[in-house]
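Student: how would this look folded up:
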Amino acid sequence: MRDRYASVRALIAGAAVAVLAACSQSGSDADADKTAADAAPVAAVDGERLRTADREPGAWMSHGRTYAEQRYSPLDRIDTDNVHRLGLAWSYRLDVDRGVEATPIVVDGVMYTTGPYSMVYALDPVSGELLWKYDPQVPRETGGKACCGVVNRGVAVWKGRVYVGAFDGRLIALDAADGSVLWETDTIVDRSRNYTITGAPRVVKGHVIIGNGGAELGVRGYVSAYDAETGELDWRFYTVPGDPDEPVENEILKKARDTWFGEYWKQGGGGTVWDSIAYDPELDLLYIGVGNGSPWNIDDRSEGKGDNLFLSSIVALDPDTGDYVWHYQTTPGDTWDYTATQHMILAELEIEGETRKVLMQAPKNGFFYVIDRETGELLSAENYVPVNWAEGIDPETGRPIFSEAGDFSEEAKTVTPSPFGGHNWQPMSFNPDTGLVYIPAQYSSFVYEASAVEPFLALNVWNVGVEPISLPEDPAAIDAMAESFHGALLAWDPVKQKAAWKVEHPHLWNGGTLTTAGNLVFQGNAEGEVRAYAADTGELLWSSPANTGVIAAPMTYEIDGEQYVTFMAGWGGAYTLMTGTLASRIKVQPESRVLTYKLDGEGELPPPRNKPTPVPEPPARDTDIDAEQLAQGKYLYNGLCSTCHGINAVSGGVVPDLRYLDAATHEQFADIVKGARTVRGMPSFGHVLDDTQIDLIHEYVIKRSHDLAARVRDSEGQ
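Tutor: Numbers count the residues shown, from 1 in each chain. I've put the predicted structure just below:
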């Protein structure tokens, strides 16, 4: 295995091979090649290589290929004329069948990628052979500490090291040659809070940059920079102010504190930097995307007042010190979970006859922003999906013009977009040849209603300050409702601020995008396909089955004159966990794989695992439970359990569907809720629920089991 590893590296390090071979004083050419291959560096990425990434178009050295995060590849061996010839080159099965969200890195002849629970894989990018694997041994009980699954979006590489943010909050440096641990550090400032890491690190000027997640469960956001050699903390920037009785960590937080009210710090405030980061080497500015508040509802968080800086903001920092430079807040006083953590792209656009250095973002709130990345000045903003919480963006102030339709402080309102956003974490891409941005857009609405129920204000449980999501239990009603939940591949003109073309998808939660100089856009979708479209027209040119929903963004690379396209496939994430009854309509299973394609590839994908699950005989109903108590059980379930097991006890297929529990598990139900299965990933709710409440939740689950059994009998004509 190691010999093959060396030979693949030698293909990329051809220049080094030639030099070392020429210096050899004895032995055959083969011996010289082997010596050179063994000496060739692995993951020898530094700032110069990243700044000049276009000189190595065959590599993909950072999360978005370059610091600009455009996810555009200059490779064009695969183009509109021959893309129909794509076939599977190889596939690799990951260890855990949960959501797969990583973008692989391919550099110096090795592919580095991640799977669920932050496992790291080094693969031969030509054959898919495993070179090494690293399992950070994330405790399974930490699975309940995040809103949206035990996912990971990938690694960073730098000077022979591979960096991964483990789900449990550790930042780990591995030797790129063999996966051995060089150092690890704890990024979490308060272990009593539910901090996690799901995002990919970035390395800038020798600093490993990483944020954290956890706003839904009550944390305070920040982004940290660590020394790439030693793991020592270089700097930390808090995105929201802390306890006003404590000293502020930086001067800008004094001004930010004036935009907050009440005892916001007790719930943490939120503002986690859980995904998007970009860097401009010319301006020497680091850009971070900041998330939602904790709780979502500003009435609970900040007495219904204030902009709450720096929630839902793009913030520019000095990468050497973490000092604040400028910010632009996309959703002042956010109360809808409209994060600005979505993918940021740096580009140069000609606007009104002038070339401008811009930052582009399509955050959850539904508006597409073009911002001067040197100053933070808003250049333009238009809605790319339907929006009703705001009437538009004031071009003078850059602030949204709020509408009554978005104000749920006094009564429930149906607001568009939903918390899933007009665009979520799935990366978009920008093609400088077409001038278009390719957005995995989403269309959905949500009924926001303020909640005052005490369990949902406890720390370390789902904590948003709004009523739990409510969906009908009747499958026919769900089918009718589902028509309003759909997606699209949207080609957006950022200069004209309008769509150039759109491809409709029947479901939410489709994959991120890649665009290439071959006039192509690649995207996977929720229905278990990988596809290629013409970048200029949106014409579908190629598709292939993936056996599972594909939500990650693909990437491409070239080795020895052959171009490859890789999709990380694996169904999961927020939509699949929470919506249950909606996500279950998408008939895919969570099978986790790396899928790599090339022209005339002849690999075969194993058939999907579609084995039916028998419906067990449910336990007898408790006749002493009346309708009001059953409704209370449903309310508690949807408030505390549905974020993983699905609304109304219908799973989206990633975690167990509680309607299928066997008799033994029903017997253990109360103990499991109190923590008996934490080592298997089921968190404890014993600190939130009393025995009576647990019994009511159980009774609701039993009722839903009977509903399922009745439907099965009806469908079988019994």
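Student: out of everything not next to it in sequence, what's closest to residue 609?
Tutor: residue 589 (5.3 Å; C-beta to C-beta, 6 or more residues apart in numbering). All C-beta spots, glycine's among them, are computed from the backbone N, C-alpha and C.
Student: Can you check what pLDDT the model gives the one you found?
Tutor: If you check residue 589, the pLDDT there is 87.
Student: Test my guess that it contacts residue 612.
Tutor: No - assessed by C-beta atoms under 8 Å, residue 589 is found out of contact with residue 612, at 11.6 Å.
Student: Please identify which of those two sits among more neighbours.
Tutor: residue 589 (17 against 5; other C-beta atoms under 10 Å).
Student: On the three-state scheme, that one is what?
Tutor: Using DSSP: H, G, I helix; E, B strand; the rest coil, the secondary structure recorded for residue 589 is coil.
Student: any idea how far it lies from residue 155?
Tutor: According to C-beta to C-beta, to the nearest Å, residue 589 stands 26 Å off from residue 155.
Student: for residue 139, same thing?
Tutor: Residue 139 is 21 Å from residue 155, by C-beta to C-beta.
Student: just residue 346 next, same as before
Tutor: As judged by C-beta to C-beta, residue 346 and residue 155 stand 21 Å apart.
Student: which stretches of the protein aren't confidently modelled?
Tutor: The chain contains residues with pLDDT under 70 at 1-39, 452-461, 611, 717-718.
Student: Where do the strands of the stretch 301-450 of the chain begin and end?
Tutor: Here the stretch 301-450 of the chain has its strands, by DSSP state E, counting those that start in this stretch, at 313-317, 324-329, 344-351, 354-361, 367-372, 378-383, 390-393, 400-402, 413-415, 429-431, 436-443, 446-448.
Student: wait, I meant the stretch 451-600 of the chain
Tutor: 486-493, 498-505, 513-516, 520-524, 529-534, 540-545, 555-559, 562-569, 593-599.
Student: got a list of contacts for the lengthiest helix in the chain?
Tutor: Ranked by residue count and defined by DSSP state H, the top helix of the chain is helix 691-715. Taking contacts as C-beta atoms under 8 Å, 6 or more residues apart in numbering, the residues outside helix 691-715 that touch it are 455, 473, 475, 615-619, 621-622, 625, 629-630, 632-634, 636-637, 640-641, 648-650, 658-661, 666, 669-670, 673-674, 685, 689.
Student: do that again at 7 Å, thanks
Tutor: For helix 691-715, contacts defined as C-beta atoms under 7 Å, 6 or more residues apart in numbering pick out 473, 615, 618-619, 621-622, 625, 629-630, 632-634, 636-637, 641, 648-649, 658-659, 669-670, 673.
Student: Which one, of the strands of the stretch 451-600 of the chain, ends up nearest to residue 186?
Tutor: Of all the strands of the stretch 451-600 of the chain, strand 562-569 sits nearest to residue 186, with 27.2 Å by C-beta to C-beta.
Student: Only alpha carbons, please: show the closest one as CSV.
Tutor: What follows is strand 562-569, C-alpha atoms only, in CSV (Å, rounded to 0.1, in the frame of the first residue of the first chain):
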residue,chain,number,x,y,z
GLU,A,562,-7.0,12.4,-16.3
GLN,A,563,-9.7,14.7,-14.8
TYR,A,564,-11.8,13.3,-12.0
VAL,A,565,-15.0,14.5,-10.3
THR,A,566,-15.7,13.5,-6.7
PHE,A,567,-19.0,13.6,-4.8
MET,A,568,-19.2,12.8,-1.1
ALA,A,569,-22.6,11.0,-0.8
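Student: And that strand, what does it pack against?
Tutor: Packing contacts for strand 562-569, counted by 3 or more C-beta pairs under 7 Å, 6 or more residues apart in numbering; DSSP states H and E, involve strand 520-524, strand 555-559, strand 593-599.
Student: Can you give me the domain boundaries for the protein?
Tutor: The chain breaks down into these structural domains: 2-40, 627-715 (assignment by automatic domain parsing).
Student: can I assume residue 683 is in contact with residue 144?
Tutor: Yes - counting by C-beta atoms under 7 Å, residue 683 does reach residue 144; the two are 2.5 Å apart.
Student: re the thing from before, between residue 346 and residue 155, which one's more packed in?
Tutor: Between residue 346 and residue 155, counted using other C-beta under 10 Å, the more crowded position is residue 155 (30 against 23).
Student: Show the contacting residues for that one.
Tutor: Neighbouring residues of residue 155 by C-beta under 7 Å, 6+ apart: 105, 112, 114, 120, 162, 163, 164, 200.
Student: Residue 53 too?
Tutor: Residues in contact with residue 53 (C-beta under 7 Å, 6+ apart) are 61, 65, 66.
Student: Identify the residue nearest the geometric centre of this protein.
Tutor: The residue lying closest to the centre of the chain (C-alpha atoms, centre = their mean) is residue 425, at 4.3 Å.
Student: For that one, what are phi and psi?
Tutor: When read as degrees, to the nearest 10, the backbone of residue 425 gives phi -70, psi -20.
Student: Could you measure from the nearest residue to it once chain neighbours are set aside over to residue 330?
Tutor: Excluding its sequence neighbours, the residue lying closest to residue 425 (C-beta to C-beta, 6+ apart) is residue 275, at 5.2 Å. When C-beta to C-beta is applied, the distance between residue 275 and residue 330 equals 14 Å.
Student: Tell me which of these two has more neighbours.
Tutor: For residue 275 versus residue 330, the count of surrounding residues by other C-beta under 10 Å is larger for residue 330: 28 against 24.
Student: these two touch, right, that one and residue 366?
Tutor: No - the pair residue 330 / residue 366 is not scored as a contact, 10.0 Å apart, by C-beta under 7 Å.
Student: one step back: please identify which of the strands of the stretch 301-450 of the chain is closest to residue 193.
Tutor: Of all the strands of the stretch 301-450 of the chain, it is strand 313-317 that lies closest to residue 193, at 21.3 Å by C-beta to C-beta.
Student: So what are the sheet partners of that closest one and their directions?
Tutor: Next to strand 313-317 in the sheet, as set by DSSP bridges, lie strand 285-289 (antiparallel), strand 324-329 (antiparallel).
Student: related to what we said a few turns ago, would you format the contacts of residue 53 as a markdown table with distance to residue 566, secondary structure and neighbour count included?
Tutor: Below are those laid out as a markdown table (distance: C-beta to C-beta, whole Å; DSSP: H, G, I helix; E, B strand; the rest coil; neighbours: other C-beta atoms under 10 Å):
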| residue | distance to residue 566 | secondary structure | neighbour count |
| --- | --- | --- | --- |
| 61 | 14 | coil | 23 |
| 65 | 13 | coil | 27 |
| 66 | 17 | coil | 22 |
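Student: Pick out whichever of the residues you listed sits closest to residue 101.
Tutor: Distances from residue 101 to these, taken by C-beta to C-beta, are shortest for residue 65, at 16.8 Å.
Student: quick one: the closest one from residue 348, how far?
Tutor: Applying C-beta to C-beta, the value for residue 65 to residue 348 is 17 Å.
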